[in-house]
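1. Compute the structure for the input listed below.
(2 chains)
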Amino acid sequence: MIGAVVRELWQSLRDALEALGSYAFFAGRLLAGTPRALLRFGLVTAQIHNAGALSLVIIMLSGLFVGMVLGLLGYDLLERFGSEESLGMAAALGLVKELGPVVTALLFAGRAGTALASELGLMRATDQLAAMEMMAVDPVRRVVIPRFLGGIISMPLLAAIFSLIGLFGAQLVGVQLTGVDAGQFWSQMRGAVEIDDVMEGVIKSGVFGVACSLVAVYEGYHSAPTAEGVGRATTRTVVISSVLVLLLDYMLTAIML
Amino acid sequence: MSSSVRREPPVAQEAVVRVQGVRYSVGRRTIFDGLDLEVARGRVTAVMGPSGTGKTTLLRLISGQLLADRGRVLTFGEDVGALKRAGIYALRRRMGMLFQNGALLTDLSVYENVAFPLREHTRLPERLLRHVVLTKLQAVGLRGAARLMPAELSGGMARRVALARAIVMDPELLIYDEPFVGLDPISMGVVLRLIRSLNDTLGLTSVVVSHDVREITAVADHCYLLSGGRVVASGNPAELADSDSEEVRQFMRGLPDGPVPFHYPAPAYDEQLRGGR
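-> Numbers count the residues shown, from 1 in each chain, chains lettered A, B, ... in the order given. Predicted coordinates:
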């Protein structure tokens, strides 16, 4: 009984390590091919469009709503201490340092990550990747790396847009609706937000961009060539990316605090 | 019984592909054990066999997508198993492959699909590239479909586009994986004629994997019949048709029962119906 449990645990541990090694190896392959992929930037631009531009609507809408909630909650909380003028500062810091990168990454995993994984999975299932191999074209260089880079470049830009729209939403509720003084709102924000805070957000979204893109292209590229396999790859992409983003977020916050 | 038809010795002409004593297994399942065959230059060689005999696996061994556990696969005289990635890619530039479903890149138009290998491997000026692509599309009769996307093509058209793409780099060896599956009679006829005419006009060597006996024997110069991981018969189509081996006859005539049984192994019928396991 106990022996079986131990064996099971040992097997799981080995599987996990094997997966980790496989991820690391794949990441190495992507990095090694990146310089050459950057020379054909047209391929990357197309993927920035796919991963970034096509995610804009969902990012902007979500940013607006998250900002509005921040405005409302922030006002309610700060008013109890009579410091509702600090709403601008609270919203800006919350968005730039934390909510912008994290929520953007979660949305990115759901919108762009799944699209990437299922696209690569379907290319595998329909022999498109094998066909490239047969044409002596490395599919990792031609297909995977441009998508990986497109995701990495898109993420910080999306996070910045998210924060910007979020601030607008907070301002909309805080200033227009609940009546915080507009001058106070913006000046407190300007006074409190340092360049370090912004950098923290940029670094986070950069790291999340690498993590989410890597998970999506890895899962898609290694999916089983069946309908079920593609489905599983997209699910795994969302699950792994989301958990990874939250874990990395804690680690990065602890380091940069 | 197994080699009763092997009258014609492996052809005297130069062999483009030589498979020597190959063993290949996936997990515990042995797919090939002691497989020998040769593909002679300039001819259309058919590889036939029931589903699941590893016909597609054979193509993957020839093109270096898979490596044999034992034995050698020589393609253009080079031992595929001993080649590094760059060597295998160099080898593949000399061959074209037609996948079962065409495997066109779905985000590119027909024109761009055919142009794809040229764009990846050469720096042809746009005008010359256009010339080459249109010539190849003309050869498969689809010059007019150049602007269509793969999703707009019928199965037969997709396969012809894939064929144009496979010959765009002027390969020496053209490999067809089940080229007739799911085609209507007209498309089938078109593909059949293309296999023959491309082989002869472009001076290619062709390997066609298929289980459509009637179609493939109409076009092939030499046939191999695989079963149970080995070549059970080889010869020209007429020889195979006249074979007195039961195994060969069952396959060539499409008989439902014979050495390959109709029934998947199962416990005794009446016992199971009466409630046994």
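2. Contacts only, for the closest residue to residue B:147 other than its chain neighbours.
-> Among residues not flanking residue B:147 along the chain, residue B:109 sits closest, at 5.9 Å (Cβ to Cβ, 6 or more residues apart in numbering or on different chains). (C-beta placed from N, C-alpha, C; glycine too.) Applying Cβ atoms under 8 Å, 6 or more residues apart in numbering or on different chains to residue B:109 gives the contacts B:146, B:147, B:148, B:149.
3. Please identify which of the residues you listed is nearest to chain A.
-> Proximity of those to chain A (Cβ to the nearest Cβ) peaks at residue B:149, which lies at 13.9 Å.
4. Just give the nearest non-adjacent residue to that closest one, would you?
-> Per Cβ to Cβ, 6+ apart, closest to residue B:149 is residue B:109, 5.7 Å.
5. For the contacts of residue B:109, work out which two are farthest apart.
-> The span of these, defined through Cβ to Cβ, is set by B:146 and B:149 at 11.0 Å.
6. Give me the common contacts of these two.
-> Shared contacts of residue B:146 and residue B:149, counting by Cβ under 8 Å, 6+ apart, come down to B:109, B:110.
7. Compare neighbour counts for those two and give me the winner.
-> Comparing residue B:146 with residue B:149 by neighbour count (other Cβ atoms under 10 Å in any protein chain shown), the higher total belongs to residue B:146, at 20 against 15.
8. how about the nearest residue to the more buried one once chain neighbours are set aside, what does it touch?
-> Among residues not flanking residue B:146 along the chain, residue B:111 sits closest, at 4.1 Å (Cβ to Cβ, 6+ apart). Neighbour list for residue B:111: B:133, B:137, B:146, B:147 [criterion: Cβ under 8 Å, 6+ apart].
9. Spell out which residues of the stretch 51-200 of chain B are next to chain A.
-> B:63, B:65, B:89-90, B:92-93, B:95-97, B:99-101, B:103-106, B:116-117, B:120-121, B:162, B:165, B:169 (Cβ under 8 Å from any Cβ of the partner chain).
10. So which of the residues you listed are in strands?
-> Judged by DSSP state E, strands contain the following of these: B:95, B:96, B:97.
11. what about the second one, neighbour count?
-> Other residues within reach of residue B:96, judged by other Cβ under 10 Å, total 27.
12. can you tell me the helix or strand for the residue nearest to residue B:146?
-> helix B:110-121 (DSSP states H and E).
13. quick one: average pLDDT of that helix?
-> Taken as a whole, helix B:110-121 has a mean pLDDT of 94.
14. And the helices in the chain?
-> Just so you know, I chose chain A. Here chain A has its helices, by DSSP state H, at A:2-39, A:41-51, A:56-80, A:87-93, A:100-108, A:114-125, A:128-134, A:139, A:145-171, A:182-192, A:195-221, A:227-256.
15. You answered for a different chain; I wanted chain B.
-> B:55-62, B:85-92, B:110-121, B:126-139, B:155-167, B:185-201, B:213-219, B:237-241, B:246-253, B:269-273.
16. picking that back up, mind putting the ones in strands among the residues of the stretch 51-200 of chain B next to chain A into TSV with pLDDT and distance to residue A:257?
-> Below are those laid out as TSV (pLDDT from 0 to 100; distance: Cβ to Cβ, whole Å):
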residue	pLDDT	distance to residue A:257
B:95	91	59
B:96	91	59
B:97	91	56
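17. Which single one of these is nearest to residue B:50?
-> residue B:97 (22.2 Å).
18. And for the closest one, the neighbour number?
-> Residue B:97, neighbours per other Cβ under 10 Å, totals 27.
19. Same question for residue B:25.
-> Considering only other Cβ under 10 Å, residue B:25 is surrounded by 15 other residues.
20. quick one: low-confidence parts of the chain?
-> I'll assume chain A. Scanning chain A for pLDDT under 70 picks out nothing.
21. you looked at the wrong chain, it should be chain B
-> In chain B, residues with pLDDT under 70: B:1-13, B:260, B:276-277.
22. from the stretch 101-250 of chain B, which residue is nearest to chain A?
-> residue B:103 (3.8 Å).
23. Of the ones in strands among the residues of the stretch 51-200 of chain B next to chain A, which is the nearest to chain A?
-> Proximity of these to chain A (Cβ to the nearest Cβ) peaks at residue B:97, which lies at 4.4 Å.
24. Enumerate the residues of chain A near chain B.
-> A:122-123, A:126-128, A:130-138, A:142.
25. Now do the contacts for residue A:185.
-> A:85, A:87, A:88, A:171, A:174, A:175.
26. Out of those residues, which two sit at the greatest distance?
-> A:85 and A:171 (12.9 Å).
27. which of those two has more neighbours?
-> Taking other Cβ under 10 Å, residue A:85 and residue A:171 do not tie; residue A:171 has more neighbours (23 against 16).
28. Was I right to think the more buried one contacts residue A:70?
-> No. Shown here, residue A:171 and residue A:70 do not form a contact pair, counting by Cβ atoms under 8 Å, at 10.2 Å.
29. what is in contact with the two at once?
-> residue A:91.
30. what's residue A:91 in contact with, if anything?
-> A:67, A:70, A:71, A:74, A:166, A:167, A:170, A:171, A:174, A:189.
31. What's the separation between it and chain B?
-> 41 Å (Cβ to the nearest Cβ, to the nearest Å).
32. What of residue A:97?
-> Residue A:97 is 38 Å from chain B, by Cβ to the nearest Cβ.
33. Pretty sure that residue sits against residue A:200.
-> Yes. Judged on Cβ under 8 Å, residue A:97 makes contact with residue A:200 at a distance of 5.2 Å.
34. Excluding covalently adjacent residues, which one is nearest to the residue positioned nearest the centre of chain A?
-> The residue lying closest to the centre of chain A (Cα atoms, centre = their mean) is residue A:105, at 2.4 Å. Of all residues not flanking residue A:105 in the chain, residue A:208 sits nearest, at 3.7 Å (Cβ to Cβ, 6+ apart).
35. how many neighbours does the one you found have?
-> When neighbours are defined as other Cβ under 10 Å, residue A:208 has 29 of them.
36. and what of the one 4 residues further on?
-> Residue A:212 has 32 neighbouring residues, counting by other Cβ under 10 Å.
37. residue contacts, it?
-> A:105, A:108, A:109, A:112, A:113, A:151, A:155, A:241, A:244, A:245.
38. Chain B versus the second one, what's the distance?
-> When you say that, I think you mean residue A:108. Distance from residue A:108 to chain B, by Cβ to the nearest Cβ: 21 Å.
39. Equivalent analysis for the fifth one, please.
-> When Cβ to the nearest Cβ is applied, the distance between residue A:113 and chain B equals 18 Å.
40. Can you give me the neighbour number for that residue?
-> Residues near residue A:113, counting by other Cβ under 10 Å, number 30.
41. so who does it touch?
-> A:151, A:212, A:213, A:215, A:216, A:237, A:238, A:241.
42. Hmm, residue A:152 and the residue nearest to residue A:105 touching each other?
-> No. Using Cβ under 8 Å, residue A:208 is not in contact with residue A:152; the gap is 9.7 Å.
43. about what we covered before: so which of the helices of chain B is nearest residue B:176?
-> Among the helices of chain B, helix B:185-201 comes nearest to residue B:176, with 6.7 Å by Cβ to Cβ.
44. for the closest one, packing partners?
-> Contacts defined by 3 or more Cβ pairs under 8 Å, 6 or more residues apart in numbering or on different chains; DSSP states H and E place helix B:185-201 against strand B:44-48, helix B:155-167, strand B:173-177, strand B:205-210, helix B:213-219.
45. ok, residue 17 - contacts?
-> If you meant another chain, say so; for now it's chain A. Residues counted as contacts of residue A:17 (Cβ under 8 Å, 6+ apart): none.
46. Hmm, no, I was thinking of chain B.
-> B:37, B:38, B:39, B:62, B:73, B:74, B:75, B:173, B:207.
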